[in-house]
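*Asks:* Need coordinates for the following:
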Amino acid sequence: MIIPFQSLTIETLDNLLKEHIYREGTNYGEHDISIETQVDQLKRQLRQGDIVLVYSEIHESVNLLPKNQFQED
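*Replies:* Model prediction:
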């Protein structure tokens, strides 16, 4: 199920995005990118519709998926 990110408080959205970043890990090569910058990048992708927040009832978790890869059953 897609969660409309606009329905979340800023604090909740930020926490979900940070949790995703920590869980997935990142490798930006020689340059470190701050967590704040990464959160801003994810928010931009959400606003543009490139990615969506998806709740999995089976796993009871929230994930970010590219919109073109998400299929709602």
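
*Asks:* Please report phi then psi for the nearest residue to L16 once chain neighbours are set aside.
*Replies:* Excluding the flanking residues, the one nearest L16 by C-beta to C-beta, 6 or more residues apart in numbering is V62, at 5.6 Å. C-beta: built from backbone N, CA, C; applies to glycine. Backbone dihedrals for V62, given as degrees, to the nearest 10, come out at phi -110, psi 140.

*Asks:* in the sheet, who's paired with V62?
*Replies:* Under DSSP bridges, the beta-bridge partners of V62 are Y55.

*Asks:* In this structure it contacts I3, no?
*Replies:* Yes. In this structure, V62 is within contact of I3 by C-beta atoms under 8 Å, at 6.7 Å.

*Asks:* where do the contact lists of those two overlap?
*Replies:* Jointly contacting V62 and I3 under the rule C-beta atoms under 8 Å, 6 or more residues apart in numbering are 53-55.

*Asks:* Phi, psi for the most centrally placed residue in the chain please.
*Replies:* In the chain, the centroid-proximal residue (C-alpha atoms, centre = their mean) is L64; its distance is 4.1 Å. Backbone torsions of L64, given as degrees, to the nearest 10, read phi -100, psi 130.

*Asks:* re earlier: list buried residues within the shared contacts of V62 and I3.
*Replies:* Buried members of the shared contacts of V62 and I3, counted by 16 or more other C-beta atoms under 10 Å: 53-54.

*Asks:* Going by distance to T9, which of the shared contacts of V62 and I3 wins?
*Replies:* Ranked by distance to T9 (C-beta to C-beta), those are led by L53 at 13.4 Å.

*Asks:* rewinding a little: the residue nearest to L16: what's it in contact with?
*Replies:* Contacts of V62 by C-beta under 8 Å, 6+ apart are 3, 16, 20, 53-56.
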